[in-house]
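Participant: Sequence unavailable; structure follows:
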């Protein structure tokens, strides 16, 4: 019997991480980075996949070993993210885990909140100084894309491309 047909871009474990966008077939690399622009966790998804849906999986993959005995650290001190992560579920997850965050509010969300008046609630907290550190993730992505294989994605299979990105991340860690 034939295997069920999967949509292009995949989604499950066997997905190829390719999806349609304005530029054609693309992939997205979702990552978290420390203050020195070193990747802490990586995830590859199809290009059309929304960023906000990957916040929890990326943060759940963080494992920073301790120098001495003890369990690895799994919770960052704070998260600085762009407006793509400005929604209720993302903010609720971060609040529930006790992670400080600096995520700007979307203009349409702000307009809807103001339109409701006093029923719209308070605006979410926003720390501008913490948000200035968001560029560390962008710089980490640029460091990854110094590897030509990551920048152009020669790999056909999603798991092979994830391995290529992981190898580029290891090189970043070894050079720092």
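Facilitator: Okay, I see it. Note that the coordinates shown come from a computational prediction; the quantities given were computed from them, not determined experimentally.
Participant: how about the most centrally placed residue in the chain, phi and psi?
Facilitator: Compute the mean C-alpha point of the chain, and by C-alpha atoms, centre = their mean the closest residue is residue 30, 3.5 Å away. Dihedral pair for residue 30: phi -100, psi 130, per degrees, to the nearest 10.
Participant: Please name the residues that touch it.
Facilitator: 42-45, 51, 54, 57-58 (C-beta atoms under 8 Å, 6 or more residues apart in numbering). Heads up, the C-betas are built off the backbone N, CA and C, glycines and all.
Participant: try 10 Å this time
Facilitator: By C-beta atoms under 10 Å, 6 or more residues apart in numbering, residue 30 lies in contact with 41-45, 49, 51, 53-55, 57-58, 61, 137, 141.
Participant: ok, now residue 42?
Facilitator: Residue 42 touches 29-32, 58, 61, 144, 162, 165-166, 168-169, counting by C-beta under 10 Å, 6+ apart.
Participant: what about 6 Å?
Facilitator: 31, 165 (C-beta atoms under 6 Å, 6 or more residues apart in numbering).
Participant: Flag every buried residue along the helix ranked longest in the chain.
Facilitator: Counting by DSSP state H, the longest helix found in the chain is helix 158-175. Buried residues in helix 158-175, counted by 16 or more other C-beta atoms under 10 Å: 158, 161-162, 164-165, 168-169, 172.
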